[in-house]
Every structure is written in structure tokens, then in C-alpha cells.
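Q: got a sequence here, can you model it:
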Amino acid sequence: QVQLVESGGGLVQAGGSLRLSCVASRGTFSSYTVAWFRQAPGKDRDFVAAISRSAYSTYYADSVKGRFTISRDNAKNTVYLQMNSLKPEDTAVYYCAADTKTLRIGGNRNWYDYWGQGTQVTVSS
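A: The predicted structure follows:
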């Protein structure tokens, strides 16, 4: 089984930046598509960004395009989410997820079979 652990969340003012990390243990990390999702209180868990196994392809939700960047370092079994120009509406718990089976890249939650515990991001106005 794959274990995913997120870190890097916190409190930041609007316009600020944060970098989230997701470290994977067990399994062959370079074989998985990895994505970030987020969930605000009382709302569904929404797709944020995804990256292919080799990092050749990335995919973003329209709401974060141009502000967030997903990347990965397979040697470190780590995926990053660089978040710039943060807005109060970015406030949510951010989850890392791995797709070990379909190997598609995109925002369908059903493709992802392993999830981390989440890290809180709060953006103040």
C-alpha cells in the first residue's frame, strides 16, 4: 500500500504564497499519477492539480491556473504544490492523492485510490 503525508499548510495573508509537499512511502512512486484536491467546510472535495508519472504533463483546475504549480521529484518520492497569489477562497484542507491503477491524469476523484490525511491552508483577507 501507498502512504501519503502532506505538509506545508498554514495561515497566510491574501496575496501570499505557500508550498505544500506530499511525501509517499511504499510502492513505486514514479509509477503513479499524483494530484492535489481541496475541501472547504461544507463543500465537496474539488480537484486542484495533477501531474503525470514523468512530470511531462500537468493539469489544473481553472480556478488555480496561473497561480498554482504542481511538480514532482521522483528521487525524493515527493510532489509539490506551489501556491502563489493566494485568495481567501483558497482556504481549505488540501489532500494529496495517488492513482496507481488507471494512470490517467485529470480531476476525477474516482481514479485516485490512495489519499493523504490533508493539510490545512487558511488565507486571511
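
Q: what sits closest to the residue most central in space within the chain if chain neighbours are left out?
A: Centroid-nearest residue in the chain, with CA atoms, centre = their mean: residue 36, separated by 2.1 Å. Excluding the flanking residues, the one nearest residue 36 by CB to CB, 6 or more residues apart in numbering is residue 48, at 4.2 Å. Bear in mind the C-beta positions are built from the backbone N, C-alpha and C, glycine included.

Q: quick revisit: tell me who's in contact with the residue nearest to the centre of the chain.
A: Applying CB atoms under 8 Å, 6 or more residues apart in numbering, we find residue 36 in contact with 20, 22, 48-50, 70, 79, 81, 94-97.

Q: likewise residue 106?
A: 47, 50, 59.

Q: can you say which helix or strand has the first one in it?
A: What that stands for is residue 47. Residue 47 belongs to strand 45-51 when elements are defined using DSSP states H and E.

Q: partners of the helix or strand just after that strand, with directions?
A: For strand 45-51, the following helix or strand on the C-terminal side (DSSP H and E) is strand 58-60. Strand pairing for strand 58-60, determined by DSSP bridges: strand 45-51 (antiparallel).
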